[in-house]
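J.: Predicted model and sequence follow; I will ask about them next.
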Amino acid sequence: MDAVTLQVARRTGLQPSRVAGCCKLLADGNTVPFIARYRKEATGGMDEVEIRSVEDALTQLSALEARKKTVLAAIEKLGKLTEELRSRIEACFDRQELEDIYLPFKQRRSTRADAARQAGLEPLARMMLGLEPPAAASRIECARRFVSPATQPAGPDAGPAGAVDADAALSGARDIVADLLATHPPTRQRLRDFAAARGRMVSRRKRGAGEDAATFGDYFDHEEPVASAAPHRVLAMLRGEERGALTLAVAVPDAAGMDIAERDFSARVPPMFRNDFREASSDGWQRLLWPAVEREVLATLKEKADRASVTVFEQNLRSLLMAPPARGLRVIGVDPGFRNGCKLACVDATGAVLATATIYPLEPQARQRESADTLLALHRAHRFTVAGVGDGTGHREAMAFLAAIPWPSPVEVVDVREAGASVYSASPLAGRELPDMDVTLRSAVSIARRFQDPLAELVKIEPRAIGVGQYQHDVDQKMLERGLSSVVEECVNRVGVEINSASPELLSYVAGIGPTTSRAIVEHRNRKGAFTRRQDLLSVSGVGPSRFEQAAGFLRVADGPEPLDATGIHPERYPAVRRALALAETGLRDVLGKQDAVDRLRGTVQPEQLELGPATWADILTELSKPGRDPRGERVAFQFGDVSSVDDLQEGMVLPGRVTNITDFGAFVDIGVHRDGLVHISRLADRRVTSPFEVCKPGQVVQVKVVGVDRERNRISLTMRPSDIN
């Protein structure tokens, strides 16, 4: 097994045999969704998250190889590349270790050690470290050999160096020793490990910080171990430092740090140079080594916090995208507002806009009657069965108004998460989709469509604008964008896409498609009519056999001549399905959607007879039993309790709520009072919870109890522990 595979396995914690299969599939150009869904035997059943971790590790190793080449070329250009050094660099699989090796050769601003080397004092420094034998019986005599001839009498003992006197020579040698200690790779690594295990993050209020620093008041006098620093606190402290509110440091005991700095050198130091060495190591520790390592430790903490926060974003987004749809319903979307009224958009079961209007239900009685008449007229004309109200300012009042209207036939009034709707409404995409519509009305359309199919609508919005997670503006933006885009792709392909009705934005996330091909598919559809078979995709410009292989299984063609085109079974497996049906002496129509018939097929035909792996055959049987099954499940109806503002809350109240966001430290829950309450991670369950996702997810309906209301800070504390509620 090659070194790269073993390194990927080490970085991901996955079995090398599984990693090897995954690496080969990725190298062959296969997409993550395709590998996860249709190549399970080759990877041992890796899911999308595991495959992406392999992909990320391969990317990191590729970048490391490129960096190695740069480092080797730079050192070779200096004429200092030995075979031993080349071997060390080529065998290195850690970016920080590579940078440590390169550090002594790196171009940098001229330092005191550089000046001492130019003065010819490096041999004296080597004597000081015991790397060369002393040239005289005392340190002063050794140093005098490196005093400039211009400043000493001529004679047989005059040295060739450039120091003005012995003290200056010793001082320069100490600068070189300090530099050697500070750039010694094993020392730096041990010190980083020590800081990670024993260091403490120390945050203090910055002297002269303004009143706005109060936002970071929790960190004005804060310490915690580096080893257990929570990602959200790390990001908060770093933000406070960036805004000039905090000073942030990593603290380790100086004595222990000095011991690490001296460890590889002190044993060889000659007695005459012992004090010089101690002075040099102390200077190197305080001035060079620890400040550099401290920056590296903070950078590592930031990277870890970024990764943890992006993971939280991904999990939140995955829950929102996989929220159950409500297809087949006519919906009126309501974008609530006080000053400018509530914007309305009625859409049919496919999301097409039927009518728009603006009402003023939150103003005086006359306007309320007028608003009710407008809604009733829209209902008579379009017979919507659901009123979806965005959860922005005024949504509880708007919902109460809608619920009180005497509808001729039932209308369910629900609230809809509207984060990102305003971003969509002002986007070029919304301009293309709804060109003749006012921007404010587009938000109402988005709200209505989002209720019908959250996934299809949310893919139109930049993932970071959906408003979930923690510290989204503080994390590495490229990492965030890559992670969230991957989650969207994962969810779209898990659900599948109806090729004849999907928007270009939705199609672009199908494995192997992308924006250009998705537009070509829609243009082909508009020009030549609906696709009747998956195979017709090959007639689209830009779609060849490879792209078809990656995408076909995730595209659905409903009511076509090939029933399997409406399932998640890949076209490459159609012949195997036909063979299985022949062996069982039955027909596709007799099996499709009939669990008993599928069970008989399972008992009659074994995967080996079809030259299929067990996982692939199991997936085929699942698709045959439930063709077109939506993995998102069924929508759960929900109503808030009898509270509408923070002033209505009392400690001890037990209320229904809906989870809106998950962070490292807990879950935020909407209980209908215009302000989400926080269930701290310690109050999520009666057991110890490592991650809030163990207990809940965005969109989940929960029961909570109010344990605290801070009206001055507008904070609500809740608990979900059964022992607190019951």
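T.: Perfect, I can see it now.
J.: what secondary structure does the most centrally placed residue in the chain sit in?
T.: For the chain, the residue sitting closest to the mean C-alpha position, by CA atoms, centre = their mean, is Val310 at 2.4 Å. Secondary structure, DSSP: H, G, I helix; E, B strand; the rest coil: Val310 is helix.
J.: so what's it up against?
T.: 469, 475-476, 479-480, 483-484 (CB atoms under 8 Å, 6 or more residues apart in numbering). The C-beta positions use only the backbone N, C-alpha and C, and glycine is treated the same way.
J.: Just say helix, strand or coil for Leu344.
T.: Once three-state DSSP is applied, Leu344 turns out strand.
J.: so how far is Ala136 from the residue nearest to the centre of the chain?
T.: 61 Å (CB to CB, to the nearest Å).
J.: try Ala229
T.: Taking CB to CB, one finds Ala229 at 51 Å from Ala136.
J.: what about those two, which has more around it?
T.: Neighbours per residue, other CB atoms under 10 Å: of Ala229 and Ala136, the larger number sits with Ala229, 18 against 14.
J.: my guess is that one contacts Val202, does it?
T.: No: judged on CB atoms under 8 Å, Ala229 makes no contact with Val202 at a distance of 11.1 Å.
J.: Let me see the mean pLDDT of stretch 601-609.
T.: Stretch 601-609 shows a mean pLDDT of 95.
J.: Any stretches of the stretch 401-550 of the chain with poor pLDDT?
T.: Residue ranges of the stretch 401-550 of the chain with pLDDT under 70: 469-470.
J.: repeat that for 80
T.: Along the stretch 401-550 of the chain, segments meeting pLDDT under 80 span 463-473.
J.: now do the stretch 251-400 of the chain
T.: Using pLDDT under 80, the stretch 251-400 of the chain drops low at 362-365.
J.: Strands along that one, start to end?
T.: 331-335, 342-347, 353-359, 386-390 (DSSP state E, counting those that start in this stretch).
J.: what do you get for the stretch 451-600 of the chain?
T.: Under DSSP E, counting those that start in this stretch, the stretch 451-600 of the chain gives strands at 497-498, 555-556.
J.: Name the surrounding residues that touch the first one.
T.: It stands for strand 497-498. So strand 497-498 is contacted by 506-507, 510, 554-558 (CB under 8 Å, 6+ apart).
J.: Going through these, which ones are buried?
T.: For the contacts of strand 497-498, a burial check counting by 16 or more other CB atoms under 10 Å picks out 506-507, 510, 554-557.
J.: of the residues you listed, closest to Ser682?
T.: Leu506 (40.0 Å; CB to CB).
J.: who are the neighbours in contact with Arg632?
T.: 322-325, 455, 495.
J.: swap in Leu14?
T.: Taking CB under 8 Å, 6+ apart, one finds 8, 46, 50, 53-54 in contact with Leu14.
J.: okay, among those, which ones form the most distant pair?
T.: Farthest pair in the contacts of Leu14 (CB to CB) is Val8 and Met46. Separation: 12.1 Å.
J.: wait, Glu481 sits on Arg464?
T.: Yes: using CB under 8 Å, Glu481 is in contact with Arg464, at 7.1 Å.
J.: And those two? Which one has more around it.
T.: Arg464 (19 against 14).
J.: Check which helix or strand Ala168 maps to.
T.: Under the criterion of DSSP states H and E, Ala168 resides in helix 166-182.
J.: helices or strands next to that helix in the packing?
T.: helix 112-118, helix 122-128, helix 139-144, helix 274-283 (3 or more CB pairs under 8 Å, 6 or more residues apart in numbering; DSSP states H and E).
J.: Tell me what angle it forms with helix 274-283.
T.: Helix 166-182 runs at 50 degrees relative to helix 274-283, counting by axes from the mean of the first three to the mean of the last three CA atoms, to 10 degrees.
J.: Checking Ala430 next. Helix, strand or coil?
T.: Quick answer, by three-state DSSP: Ala430 is helix.
J.: Please name the residues that touch it.
T.: Ala430 neighbours (CB under 8 Å, 6+ apart): 424, 439, 442, 446, 460.
J.: With Ala197 instead?
T.: 226-227.
J.: Now name the helix or strand holding it.
T.: helix 185-198.
J.: Show me what whatever helix or strand Lys69 lives in is packed up against.
T.: Using DSSP H and E, Lys69 maps to helix 48-77. If you count contacts as 3+ CB pairs under 8 Å, 6+ apart, helix 48-77 packs onto helix 3-12, helix 16-27, helix 32-38, helix 83-90, helix 95-102, helix 477-495.
J.: Let's have those in TSV, adding distance to Gly388.
T.: Below are the helices and strands packed on helix 48-77 laid out as TSV (distance: least, CB to CB, whole Å):
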stretch	distance to Gly388
helix 3-12	42
helix 16-27	41
helix 32-38	30
helix 83-90	60
helix 95-102	49
helix 477-495	20
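J.: Most tightly packed of the ones you listed?
T.: helix 32-38 (a mean of 23; mean count of other CB atoms under 10 Å).
J.: packing partners for it?
T.: Looks like helix 32-38 contacts helix 16-27, helix 40-43, helix 48-77, helix 477-495 (3+ CB pairs under 8 Å, 6+ apart).
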